[in-house]
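J.: What follows is a predicted structure for the sequence shown.
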Amino acid sequence: MILGREFGKALKQLEAEKGLSLDVISSSLEAALVSAYRKFKGGNQNVEVFIDFENGEIFLSEVKQVVREVTCPDTEISVEEAHRMGFGDVEEGDVIRIEVFPENFGRIAAQTARQVIIQRLKDAERQIIFEEFADRTGDLVQGTIFKVEGDQILVRLNDRTEAILPREERVLGEAYRVGDRYKFFLLDVRQTTKGPRIVVSRTHPGLLRKLFELEVPEIRDGIIEIKNVVREAGGRSKVAVQSLDSNVDPVGACVGPKGTRIKSVMDELGGERVDVIVWSSDPIAYVKNALSPAKVVKVEPLLDQERALRVFVRPDQLSLAIGKAGQNVRLAARLTGWKIDIKVLEPERLPTLKDLFEDIIAGADGERG
């Protein structure tokens, strides 16, 4: 059966363009043609297929065992029948291959070949996409919103790869319009019957971590280490950093000259406020830093509770320490892993002239008494 030289050229072109080996194509076609032939003949024949990719020729043979008495016509042939077919020197127990040229099977085979190649290409592309992204879970990726339909938002990562941005991974108040370009955190990649399912996030703390790695060379170089990140996406975040070089200020490096580095990060997050604080192994110092920008007067451990501290601030610092709707203290507690109870420390009142005068009068009255 001849499919032509163009058939072979087309297969080789697909091999080059899609990275699909001829071995994969060949084995797939062989299996499909065997199945198609059995369906065409209506039996369970033992079929061998050979494909000549150079000339576009396909050879099919039924493999049969020579027997004295045939009990399974699909796989057996009598000695007499084999001799009539031109296999004069065969005897019982031999195996012969009978080349077959069934009428109309060329059309069926061509259709089957086309269907198999299309399916195999889809499977191969899906596998390539899966392998490309499977090892990148936790990475920063860039993509363009290309479909916003009801509750579904799809992101195009490259010419052949789409990702899903689920509702729970979207920033409240962030408008996603077709054509908008964003950076995303690659949350999950898994293989399904319909191909790879890639999930991205705009709310994950890892996105903030990756953006700092992108903007701050000292983090990429390992001079500054990000110890922890907490977010209330779209509102406020806190990042705890530590410098492994005493000459490098970790907060200053993350903020950058005139705030350029942290501004780039905040702009990418739609203006989300980001507090960068110094990490400390001392929980009291760590909690003090975590409550930034509020200034803490003192911190006391609560001995009757596990991992709990009472923090004292001046009255004018109370709203800063707590934050809008409790956001600052809530993030500080998540960042440090300590329960934080904020109390106001009333300032000690200095004695006034009136106090001094009353003390003098009281003293004089005492002496007269």
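T.: Perfect, I can see it now.

J.: phi, psi of the residue nearest to Glu169 when sequence neighbours are not counted?
T.: Spatial nearest neighbour of Glu169, excluding adjacent residues (C-beta to C-beta, 6 or more residues apart in numbering): Ser201 at 3.8 Å. Backbone N, C-alpha and C define where each C-beta goes, glycine included. Phi and psi for Ser201, reported as degrees, to the nearest 10, are phi -140, psi 150.

J.: check contacts around Ser201.
T.: Shown in contact with Ser201 (C-beta atoms under 8 Å, 6 or more residues apart in numbering): Leu165, Glu169, Phe184, Phe185, Leu187, Leu207.

J.: among those residues, who's most crowded?
T.: Most neighbours among these, by other C-beta atoms under 10 Å: Leu207, with 28 neighbours.

J.: Beyond the helix or strand hosting that residue, next helix or strand please.
T.: Using DSSP states H and E, Leu207 maps to helix 205-215. For helix 205-215, the following helix or strand on the C-terminal side (DSSP H and E) is helix 217-220.

J.: quick one: the strands in the stretch 201-350 of the chain?
T.: With strands called from DSSP state E, counting those that start in this stretch, the stretch 201-350 of the chain shows them at 224-232, 236-243, 273-278, 296-301, 308-313, 339-344.

J.: Ala253: which of those strands is closest?
T.: Nearest of those to Ala253, taken as C-beta to C-beta: strand 224-232 at 5.7 Å.

J.: what sits up against that closest one?
T.: Here strand 224-232 makes contact (C-beta under 8 Å, 6+ apart) with 203-206, 208-209, 212-213, 216, 218-219, 237-244, 248, 250, 253-254, 272, 279, 327, 330-331, 334-335.

J.: and with 7 Å instead?
T.: 203, 205, 208-209, 212, 216, 218-219, 237-244, 248, 250, 253, 279, 327, 331, 334-335 (C-beta atoms under 7 Å, 6 or more residues apart in numbering).

J.: any idea how far Val178 is from Asp249?
T.: Going from Val178 to Asp249 by C-beta to C-beta, to the nearest Å gives 43 Å.

J.: Low-confidence bits of the stretch 251-369 of the chain, can you list those?
T.: Where the stretch 251-369 of the chain drops to pLDDT under 70, the residues are 347-369.

J.: ok, which stretches of it are helices?
T.: Chain-ordered helices for the stretch 251-369 of the chain, with DSSP state H, counting those that start in this stretch as the definition, fall at 260-268, 283-290, 318-322, 327-336, 353-368.

J.: what sits against the residue nearest to Ile262 when sequence neighbours are not counted?
T.: Nearest non-adjacent residue to Ile262, counting by C-beta to C-beta, 6+ apart: Val255, 4.8 Å away. With contacts defined as C-beta under 7 Å, 6+ apart, Val255 is in contact with Arg261, Ile262, Val276.

J.: Separate out the buried members of those.
T.: Neighbour-count burial (16 or more other C-beta atoms under 10 Å) applied to these gives Arg261, Ile262, Val276.

J.: mind putting those residues in TSV, distance to Glu132 included?
T.: Output for the buried ones among the contacts of Val255, formatted as TSV (distance: C-beta to C-beta, whole Å):
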residue	distance to Glu132
Arg261	30
Ile262	32
Val276	33
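
J.: out of the residues you listed, which one sits closest to Val63?
T.: Taking the buried ones among the contacts of Val255 together and measuring to Val63 by C-beta to C-beta, the closest member is Arg261, at 71.0 Å.

J.: I figured that closest one hits Leu214, correct?
T.: No: with contact defined as C-beta atoms under 7 Å, Arg261 does not reach Leu214; the gap is 9.6 Å.

J.: Determine the residues that are contacts of both of the two.
T.: Counting by C-beta under 7 Å, 6+ apart, Arg261 and Leu214 have no common neighbour.

J.: mind listing the strands in the stretch 1-150 of the chain by residue range?
T.: In the stretch 1-150 of the chain, the segments counted as strands under DSSP E, counting those that start in this stretch are 47-52, 57-67, 76-78, 95-99, 140-149.

J.: Would you format these as TSV with mean neighbour count, distance to Asp341 and mean pLDDT included?
T.: Formatted as TSV, the strands of the stretch 1-150 of the chain follow (neighbours: other C-beta atoms under 10 Å; distance: least, C-beta to C-beta, whole Å; pLDDT from 0 to 100):
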stretch	mean neighbour count	distance to Asp341	mean pLDDT
strand 47-52	17	77	85
strand 57-67	18	80	88
strand 76-78	18	88	93
strand 95-99	14	87	91
strand 140-149	15	37	94
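
J.: and Arg170, how many residues sit next to it?
T.: Close neighbours of Arg170, defined as other C-beta under 10 Å, add up to 16.

J.: Now for it: which residues touch it?
T.: Taking C-beta under 7 Å, 6+ apart, we find Arg170 in contact with Tyr176, Arg202, Thr203.

J.: switch the cut-off to 10 Å
T.: Shown in contact with Arg170 (C-beta atoms under 10 Å, 6 or more residues apart in numbering): Ile153, Tyr176, Ser201, Arg202, Thr203, Ala233, Gly234.
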